[in-house]
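Novice: coords below, sequence missing:
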């Protein structure tokens, strides 16, 4: 019983510390995303494993709704088309599964939002490199020390923790906060 409570307590402590350290930057990225959406641009979200599931979850919150009934917002998870992902992996490399999609679908002014608990996934790094060439704003959700992604993106939110599940929990809470604030602003 105590071990269960301790896991919840640790998760809460990490999220509260993260929020205290990043509240102003969270407000800033909300402004950036709202501006991008108001100019008719879109959000491209991607990650591996649990972060791939989070990318899909976040895209659904924007396209459908988070809390409010409002117009759909353009967001796309680059983790969902198995034919694209497997053909790129087979014909080129798994490292290219997101960069090729960014090149095909991304337009100057869009935002590329990559999620990686290690901060060093090669396919995420390549996606951000492709994004910068095209002129996309780049947003990283990272963990541990932020890895290569931390210095590669315009906006990085790093969960300074070594425990992958705690990083993922904080990433999802952060994504929900961003969705909630973007939605409130876009529903006006």
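Specialist: Great, that's in hand. In this text, all values refer to a predicted model and were calculated from it rather than measured experimentally.
Novice: where exactly do the strands run in this structure?
Specialist: 43-47, 75-77, 111-116, 137-143, 155-159 (DSSP state E).
Novice: want to throw the ones you listed into TSV with mean neighbour count?
Specialist: Heads up, the C-betas are built off the backbone N, CA and C, glycines and all. As requested, the strands of the chain are exported to TSV (neighbours: other Cβ atoms under 10 Å):
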stretch	mean neighbour count
strand 43-47	27
strand 75-77	22
strand 111-116	29
strand 137-143	25
strand 155-159	22
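Novice: indicate which one of those is closest to residue 19.
Specialist: Closest to residue 19 of the strands of the chain is strand 155-159 (Cβ to Cβ; 10.8 Å).
Novice: just checking: what are the partner strands of the closest one?
Specialist: Under the criterion DSSP bridges, strand 155-159 sits next to strand 137-143 (parallel) in its sheet.
Novice: avg pLDDT for the partner strand?
Specialist: In this model, strand 137-143 has an average pLDDT of 98.
Novice: mind putting the strands of the chain into JSON lines with distance to residue 174?
Specialist: Conversion of the strands of the chain to JSON lines gives the following (distance: least, Cβ to Cβ, whole Å):
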{"stretch": "strand 43-47", "distance to residue 174": "13"}
{"stretch": "strand 75-77", "distance to residue 174": "16"}
{"stretch": "strand 111-116", "distance to residue 174": "10"}
{"stretch": "strand 137-143", "distance to residue 174": "7"}
{"stretch": "strand 155-159", "distance to residue 174": "6"}
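Novice: mind checking which of those strands is nearest residue 10?
Specialist: strand 155-159 (12.4 Å).
Novice: about what we covered before: ok, which of the strands of the chain comes nearest residue 91?
Specialist: Nearest to residue 91, of all the strands of the chain, is strand 43-47, at 18.9 Å by Cβ to Cβ.
Novice: and the closest one, how far out from the chain middle?
Specialist: 6 Å (Cα atoms, centre = their mean, to the nearest Å).
Novice: what's around the closest residue to residue 142 other than its chain neighbours, how many residues?
Specialist: With sequence-adjacent residues excluded and distances taken as Cβ to Cβ, 6 or more residues apart in numbering, residue 142 is closest to residue 119, at 3.8 Å. Residues contacting residue 119 under the criterion other Cβ atoms under 10 Å number 26.
Novice: how close does residue 119 sit to residue 71?
Specialist: In this view, residue 119 and residue 71 are 34 Å apart by Cβ to Cβ, to the nearest Å.
Novice: got it, and residue 47?
Specialist: Following Cβ to Cβ, the distance that separates residue 47 from residue 71 is 26 Å.
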